[in-house]
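K.L.:
For reference, the sequence and a predicted model appear below.
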Amino acid sequence: MTGWLARPGRRQDRPALAAIMRSALDGLGFVPPLHSPEEDNAFMAGLLLGAETWVAEAEGKPVGFIAVVQGANVPALYVHPEWQARGIGRALMHAAMQGRASLTLRCFQQNAIACRFYEALGFRDVARDAVGNNDEGLPDITYHWDSSTRDWSKGAAWMDGRVIPIGEARIGVTDWGLTRSDITYDVA
């Protein structure tokens with residue numbers, strides 16, 4: 001697996017981010033292609049103007065991104081299908097969570113993988129629409145995350161299929177008689 005890095009979004013990322021969004025939506029198999037590439041680019045231009053954007057970059061090109069608007073709304077988290085399931089979405093979401101009291105986002109109800117992803121990150125299902133409040137008219141879920149219930153100030157860890165505050169992380173140690181001293185693993 002090739003490594004990647006996260007960096008702030010730049011205006012020149014717009015065409016690549018629009019293509020990532022389109023590839024991710026097309027990969028779902030149930031989202032109708034309502035917009036042209038030009039319309040996707042125009043949407044991305046508007047989004048980048050008013051959003052805090054983080055881009056995951058690999059091999060010198062963007063492979064995923066997250067945008068946060070109005071301080072706490074996440075209108076976009078997309079990872080190119082070829083780069084999914086590598087921790088990129090989780091890392092981008094963690095970047096968005098840092099220093100924020102809460103986040104809100106919407107997700108297609110039919111996107112079960114994304115729903116499980118958000119729930120594993122601690123987002124709660126707070127509203128469902130039978131006909132989505134989106135261009136596609138698909139039913140969606142509003143998710144909300146609130147940091148006040150846990151201490152995220154020192155970072156996060158992935159354990160047992162979910163993201164938890166680093167202070168709650170534990171590493172099990174099995175001593176097979178190979179060591180001759182006590183071992184303590186402090187992850188915080």
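P.N.:
Structure received. Numbers count the residues shown, from 1 in each chain.
K.L.:
Only C-alpha atoms from now on, for both contacts and neighbour counts.
P.N.:
Noted.
K.L.:
Strands of the chain, start to end?
P.N.:
5-8, 51-58, 61-69, 73-79, 102-108, 124-129, 140-146, 156-159, 162-165 (DSSP state E).
K.L.:
need the least confident one among the ones you listed, by mean pLDDT.
P.N.:
The stretch with the lowest mean pLDDT among those is strand 162-165, at a mean of 70.
K.L.:
So what are the sheet partners of it and their directions?
P.N.:
strand 156-159 (antiparallel) (DSSP bridges).
K.L.:
Buried ones in the strand it pairs with, by neighbour count?
P.N.:
Under the neighbour-count criterion of 16 or more other CA atoms under 10 Å, strand 156-159 has 156, 157 buried.
K.L.:
Sketch out the low-pLDDT regions of the chain for me.
P.N.:
Residues of the chain that meet the criterion pLDDT under 70 lie in 1-2, 132, 149-153, 160-162, 167-168, 170-188.
K.L.:
Show the residue spans covered by the helices in it.
P.N.:
Assigned by DSSP state H, the chain shows helices spanning 14-28, 37-50, 88-97, 112-120.
K.L.:
winner for burial among those?
P.N.:
A comparison of the helices of the chain by mean neighbour count, using mean count of other CA atoms under 10 Å, puts helix 88-97 on top with a mean of 20.
K.L.:
for that helix, the distance to its chain's centre please.
P.N.:
Here the centre of helix 88-97 is set off from its chain's centre by 5 Å, with CA atoms, centre = their mean, to the nearest Å.
K.L.:
for the strands of the chain, which one sits closest to residue 26?
P.N.:
With distances scored as CA to CA, the stretch of the strands of the chain nearest to residue 26 is strand 73-79 (11.5 Å).
K.L.:
what inclination does the closest one have with respect to strand 61-69?
P.N.:
Interaxial angle, strand 73-79 versus strand 61-69 (axes from the mean of the first three to the mean of the last three CA atoms, to 10 degrees): 170 degrees.
K.L.:
Please report phi then psi for residue 70.
P.N.:
Geometry field for residue 70 lists phi and psi as phi 50, psi 30, criterion degrees, to the nearest 10.
K.L.:
Now do the same contact list for the nearest residue to residue 65 once chain neighbours are set aside.
P.N.:
Nearest residue to residue 65 in three dimensions, chain neighbours excluded: residue 55, at 4.3 Å (CA to CA, 6 or more residues apart in numbering). Taking CA atoms under 8 Å, 6 or more residues apart in numbering, we find residue 55 in contact with 6, 7, 8, 9, 62, 63, 64, 65, 66, 92.
K.L.:
mind listing what the third one touches?
P.N.:
Contacts of residue 8 were listed using CA under 8 Å, 6+ apart, and they are 52, 53, 54, 55.
K.L.:
Could you look over the strands of the chain and pick the most buried one?
P.N.:
Mean neighbour counts were compared across these using mean count of other CA under 10 Å; the top stretch is strand 61-69, at a mean of 23.
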